[in-house]
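1. The sequence and its predicted three-dimensional model are supplied below.
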Amino acid sequence: MYQLLDPSRFVVFITGATSGFGEAAARRYVAAGGKVIATGRRWDRLVDLQIDLGPENCHIIALDVQDRAAIDTAIADLPAPFAGINMPAPRR
């Protein structure tokens, strides 16, 4: 992998991490050395995911992505190891 794309340098925010594509993306990213903030509506599945990936690699938040205030609060309350979410550059 190119050094600029080294997953160990990034924290990503993944929605829908309780199943399907979101869960697969979280597992793949952590396996590549990155950290994830895994979100979803089903707390029990998020806990299982965090147990599998390790709390040092996976921070979990139960929320509904349709609730903008919940997202803002979740991001504001992130623990230090996960607070540096990498955002894409704005399009020009």
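-> Okay, I see it.
2. And the strands in the protein, which stretches?
-> 11-14, 35-40, 58-62 (DSSP state E).
3. Could you export the ones you listed as JSON lines, including mean pLDDT and distance to residue 47?
-> C-beta here means a position set from N, CA and C on the backbone, and glycine is covered the same way. Supplementary listing: the strands of the chain in JSON lines, determined by pLDDT from 0 to 100; distance: least, Cβ to Cβ, whole Å:
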{"stretch": "strand 11-14", "mean pLDDT": "93", "distance to residue 47": "16"}
{"stretch": "strand 35-40", "mean pLDDT": "96", "distance to residue 47": "10"}
{"stretch": "strand 58-62", "mean pLDDT": "97", "distance to residue 47": "7"}
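4. Pick the most buried one from these.
-> Mean neighbour counts were taken over these using mean count of other Cβ atoms under 10 Å, and the top value, a mean of 25, falls to strand 35-40.
5. Without its sequence neighbours, what residue ends up closest to residue 23?
-> residue 17 (5.4 Å; Cβ to Cβ, 6 or more residues apart in numbering).
6. isn't that neighbour right next to residue 26, touching?
-> Yes - contact status for residue 17 versus residue 26: in contact at 4.7 Å, counting by Cβ atoms under 8 Å.
7. Identify the contacts common to these two.
-> Counting by Cβ atoms under 8 Å, 6 or more residues apart in numbering, the common neighbours of residue 17 and residue 26 are 36, 38, 49.
8. Please report how far the second one lies from residue 31.
-> In this structure, residue 38 and residue 31 are separated by 14 Å, where distance is defined by Cβ to Cβ, to the nearest Å.
9. Kindly report the same for the last one.
-> Using Cβ to Cβ, we find residue 49 at a distance of 13 Å from residue 31.
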